[in-house]
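Enquirer: sequence below, structure please.
(2 chains)
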Amino acid sequence: MEIKKILVVDDEKTISSYLQKKFSKLGYMAYAANDGEDAVEQSFSILPDIILLDVKLPKLDGIEVCKRLKSDNRTKHIPIIILSAKAQSFEIRQGLEAGADRYLCKPVSFPDILKEIQTFESK
Amino acid sequence: MVRKFIFKFRELGILPKLLISFLILSIVPLIIQGYFAGKNLSDAGLQAVQRAEDMGKVNLQAAEDIGKTSIEDSVQALDRKATESIELRTTELAMRIADFLYERDKDILILSSFKPDSQKYLNVYSALKRDVIIADTGTSSKLMKKQTTDLQSKNPENKESWQHRPPHSFKKLPKSLYKEITFVDLLGQERIKVVNGKLSENLLNISRKENTYCKAEDYFSQLNNLKKGEIYVSRVIGAYIKGWLYKTPEGIKVKPESAYAGKENPQGRKFEGIIRWVTPVYNEKGEKTGYVTMALDHTHVMEFTDHIMPTEERFTALSDGGSGNYAFIWDNHDKCISHARDFFICGYNTASGKEVPGWISRPTYGEYKKSGLTLEEFVNRLPSFRAFTQKKTGSMEQMKLGNISLDCRVLDTAPQCQGWHEGTEDGGSGSFLILWSGLWKLTTYAAIPYYTGAYGQSKRGFGYVTIGANVDDFHKDANIARTKIESSIKHEGKEILAANIKTRELISERAAHNLKIVTIITIIAGLAVIGTSVIISLNITRPLRRLTDVAVAMSKGNYEQSIEVKSTDEVGKLAKSFNEMAKVVSEVDKMKSDFVTIASHELRTPIQAMLLGISGILEGFSGKIDEEVKEDLELARVGIERLMRLVTNFLDLSRIEARKFEFNIAETPVADIIDLAVKELSELADMHNHVIIKNIPTDIGNIKADKDRMIQVIVNLLSNAIKYTPEGGKIILKANRTDEEVLICVADNGYGVPVWAKEEIFNKFFQADSIISQTVGGTGLGLTITRGILEKHGGSISCESPLSEEEFSDLPLGYERKGSIFIIRLPVPRSSST
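Expert: The predicted structure is shown next:
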């Protein structure tokens, strides 16, 4: 599958804008959302090829976002990589049960993030 | 023993402790009290019974003694009374006989005053009659009983102890007093003879013995000496009638061929005899013309004694020789002249006119045999009353012949004969007891005071009357009394015994009752004690136990605890403060968790930002950079990675410590754990040119563990081994299993661990050498977490360093390669399968 559009969801603007910048530089179309509601809206409107999702989000938390997107026919095919500081096993389980395809514990280096996304490209 | 008990007691819970203490304090004294009270009661009661018994025994004994004495006294009294009355009777009888004989003197004197005349003699003969009692065997048994009627005095003042007998109704027949009356001339020729109520023509000369009665009279020779008014009285002369006695189981019996013997042989021939009175007859001139004789029919004399009964019957028609209760007469020569058994009466052999010798004892008869004399001669010469004893028995020969007349003088089998003889010596009377044929017999005697003619020669007179009586018959009343007293004593005794038994039963009943009560009280007290101690302990032990449970739960990490506060006492206060403490702890823990979570969480975000930025630059995503810049940024990256690891480990550790770490325990093959761990680090090992050797037996089996955590443990040890071993090192992984545990060892030939640090290395933030650790990296938490995980699995970890070359020959050691080995011990799962 070819990945063109990446949606980065993180309430930390520094992180989301960095990733957005770097992804764009690499040739992707990178979008950013900073709260859960926005993330859902943009997912429906953009229909990205992959979503990088943080759990700690205002308005709607990442788990909810994941559930919603994965239960909606329009967006359920989109692979979701959770990237969260919540690193306890129950939190990881929560995320995976919500439907996330991958769960990465912050901090993750940029090259590692890229690697993860690329694994989905080859699928 | 005591120590053991104290030990056990200490280990008991509060409730049992209380129970036991209370029970001992309250029940034991109760039991002791009850026991003693009961015992006292029982003892007192038993004592009372014992006393009663003793008294009873004493009383009984006294009663018996009194009874015995009174009976003895009454027996004696009876004996005295009876003896007295019988003696009196005997004496009076003797006097009556004497009177009777004196009357006969009168008879002959009157007759002698008449001129001898047949008609006169006949008249006299017919006139002189006397009644003789006829024994009618049909009615005799009736007569034997004491006769009573219902006759009563009409006057009530006379009714006291009224006794009455109607007169005896014996059958009587008048019989002539004399067998014959004769007038004999001076030459002895009978001139007048009245016999059997008729004048007899058979006149004999009586100077010749063979013409006399039984051919035995020889009185004629003595007649010449008689003066006017002088009387000759003969002895009793009669024919001896034989008798035979024989023994039967019922006693001695009389053969029917024997002479008459009253009840014993009523059909026998009666003894017939005479006593002859003679006195001279004078004519008007005063010349002796002859002699008048009157032969008294001896039956009349015998009549005096033949019907005497010394018992309450008083008289009997038929005497009973076997009863021992009869009267008999002995003459002045101690010969028997009247007896219930006529064969005992001395008599004459009518053929020879000689006296039949009396019955002598066997030994004496033996002497006779040796003597060569005739029995008559021998007996005549025999000394009187020689060696009389009951031990002798009568001679068999005489018994066989039936010649068993009683001559007291020679009857040496009957000592009472001697007694009578001696007693009547002075003409007196008396009595004595003799044990005759196993029975005590009373015998009374009285001399018959008739002294006419030859009978005047001794004070004994005519002879003596004896009456024999069985003593027991007197004692009948006393015996009845005795029987009554004995039975009443026995009855009393039985009653006392029964009463005592009853008393004892009562006492034991009481004791049992008391025991029951004591038991009930004890049980109630016990229940009360139990109840009380249960109540008390519930107020203490239950809350305490709850407290304990809650504390345990808290120690396991469950901080959300509280206890119900039920009271305001010390326990309640304790519960309250515990709740407050739990709240604080829970809050603190929460705070800590929150802090850790938040901290680790919050820290991640800035670290993420740093990492992104720096890793991005380093990987060239932010454009080209100088080598120097790269190098400097590298420093930052390392720091960030370290920081990251620290954050991760810190969270892990705190969670492990807070017992909040969740383990997924499952049976996991040891081999898998090791393989996965090795796989994860193989790249790192290659980088350092280390060789990892696996020495795992195929049957190492499984352990119950959280797979990921165990892998984490092995990874930690391996990574330490890799880090702390100089390049080109060797790391050996070994595992083996025993019955109790599974051992996993990680050995290396690295720098080793200093001796002082073998324990310290497991502590937080410990790092052997800051320089080495800076090179190696690491957080100093790995071993702490490893140990935490292993301890959670019930296992342990230890370290040995340096290693000896002999033991670890497969590890090249030397110089800086000191070597170290980490040994993991894990318990064997119960249901493990190999």
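Enquirer: give the contact list for B:G616.
Expert: Listed by CB atoms under 8 Å, 6 or more residues apart in numbering or on different chains, the contact partners of B:G616 are A:Y18, A:K22, A:S109, A:F110, A:P111, B:S622. The C-beta positions use only the backbone N, C-alpha and C, and glycine is treated the same way.
Enquirer: swap that for B:K494, please
Expert: Contacts of B:K494 (CB under 8 Å, 6+ apart): none.
Enquirer: give the next helix or strand downstream of whichever strand or helix holds it.
Expert: Assigned by DSSP states H and E, B:K494 belongs to helix B:471-555. Remark: after helix B:471-555, the chain's next helix or strand is helix B:570-618, criterion DSSP H and E.
Enquirer: so which residue is smack in the middle of chain A?
Expert: A:L52 (1.6 Å; CA atoms, centre = their mean).
Enquirer: surely it is in contact with A:K5?
Expert: No. Counting by CB atoms under 8 Å, A:L52 stays clear of A:K5, with 11.7 Å between them.
Enquirer: picking that back up, relative to B:K573, which of the contacts of B:G616 is nearest.
Expert: Closest approach between these and B:K573, by CB to CB: A:S109, at 58.1 Å.
Enquirer: touching, that closest one and B:L611? I think so.
Expert: Yes. Using CB under 8 Å, A:S109 is in contact with B:L611, at 5.2 Å.
Enquirer: neighbours around the residue lying closest to A:P58 once chain neighbours are set aside, how many?
Expert: In space, A:P58 comes closest to A:D35 once its chain neighbours are excluded; the distance is 4.6 Å by CB to CB, 6 or more residues apart in numbering or on different chains. When counting by other CB atoms under 10 Å in any protein chain shown, one arrives at 17 neighbours for A:D35.
Enquirer: how far away is A:D35 from B:I521?
Expert: 84 Å (CB to CB, to the nearest Å).
Enquirer: residue 42: what secondary structure?
Expert: Since no chain was named, I'll use chain A. Recorded secondary structure, A:Q42: helix (DSSP: H, G, I helix; E, B strand; the rest coil).
Enquirer: what about B:I27, neighbour count?
Expert: B:I27, neighbours per other CB under 10 Å, totals 17.
Enquirer: thinking it is in contact with B:A528, fair?
Expert: No. In this structure, B:I27 is not within contact of B:A528 by CB under 8 Å, at 10.0 Å.
Enquirer: so who does the residue minimising distance to the centre of chain B touch?
Expert: Centrality entry for chain B: nearest residue to the mean C-alpha point is B:I501, 13.3 Å, by CA atoms, centre = their mean. For B:I501, the contact set (CB under 8 Å, 6+ apart) is empty.
Enquirer: how much space between it and chain A?
Expert: Distance of B:I501 to chain A, given as CB to the nearest CB, to the nearest Å: 90 Å.
Enquirer: using PDB, write out every CA atom in stretch B:357-375.
Expert: Output in PDB follows, covering the C-alpha atoms of stretch B:357-375 (Å, rounded to 0.1, in the frame of the first residue of the first chain):
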ATOM      1  CA  PRO B 357     -33.000-113.200 136.900                       C
ATOM      2  CA  GLY B 358     -33.100-109.600 135.900                       C
ATOM      3  CA  TRP B 359     -31.500-108.200 132.700                       C
ATOM      4  CA  ILE B 360     -27.800-107.600 133.000                       C
ATOM      5  CA  SER B 361     -25.400-105.900 130.700                       C
ATOM      6  CA  ARG B 362     -23.300-107.600 128.100                       C
ATOM      7  CA  PRO B 363     -20.000-107.300 129.900                       C
ATOM      8  CA  THR B 364     -21.600-108.600 133.100                       C
ATOM      9  CA  TYR B 365     -23.200-111.400 131.200                       C
ATOM     10  CA  GLY B 366     -19.800-112.200 129.900                       C
ATOM     11  CA  GLU B 367     -18.600-112.500 133.400                       C
ATOM     12  CA  TYR B 368     -21.500-114.800 134.200                       C
ATOM     13  CA  LYS B 369     -20.500-117.000 131.400                       C
ATOM     14  CA  LYS B 370     -17.000-117.300 132.800                       C
ATOM     15  CA  SER B 371     -18.200-117.800 136.300                       C
ATOM     16  CA  GLY B 372     -19.500-121.300 135.800                       C
ATOM     17  CA  LEU B 373     -22.500-120.500 138.000                       C
ATOM     18  CA  THR B 374     -26.100-120.600 137.000                       C
ATOM     19  CA  LEU B 375     -27.400-117.200 136.000                       C
END
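Enquirer: give the buried residues for it.
Expert: By 16 or more other CB atoms under 10 Å in any protein chain shown, the buried positions in stretch B:357-375 come out as B:P357, B:G358, B:W359, B:I360, B:S361, B:R362, B:T364, B:Y365, B:Y368, B:L375.
Enquirer: go on, stretch B:176-192?
Expert: Quick answer for stretch B:176-192 (16+ other CB under 10 Å): B:S176, B:L177, B:Y178, B:K179, B:E180, B:I181, B:T182, B:F183, B:V184, B:G188, B:E190, B:I192.
Enquirer: for the residue in the stretch 251-400 of chain B that chain A sits nearest to, name its beta-bridge partners.
Expert: Closest to chain A within the stretch 251-400 of chain B is B:G251: 131.7 Å, counting by CB to the nearest CB. Here B:G251 shows beta-bridge partners B:T248, assigned using DSSP bridges.
Enquirer: quick check: buried residues in stretch B:160-172?
Expert: Result for stretch B:160-172 [16+ other CB under 10 Å]: buried residues B:F170.
Enquirer: for it, what is the average pLDDT?
Expert: For stretch B:160-172, mean pLDDT is 81.
Enquirer: ok, now stretch B:650-667?
Expert: On average, stretch B:650-667 scores 73.
Enquirer: need the residues of chain A near chain B, please.
Expert: For chain A, the contact set with chain B under CB under 8 Å from any CB of the partner chain comprises A:12, A:14-15, A:18-19, A:22, A:25-26, A:56, A:85-90, A:105-114.
Enquirer: count the neighbours of the residue of the stretch 451-600 of chain B found nearest chain A for me.
Expert: For the stretch 451-600 of chain B and chain A, the shortest gap (CB to the nearest CB) falls at B:S600, measuring 7.0 Å. Residues near B:S600, counting by other CB under 10 Å, number 22.
Enquirer: contact partners for it?
Expert: Contacts of B:S600 by CB under 8 Å, 6+ apart are A:A85, A:A87, B:V647, B:T648, B:F650, B:L651.
Enquirer: buried subset of the residues you listed?
Expert: A:A85, A:A87, B:V647, B:T648, B:F650, B:L651.
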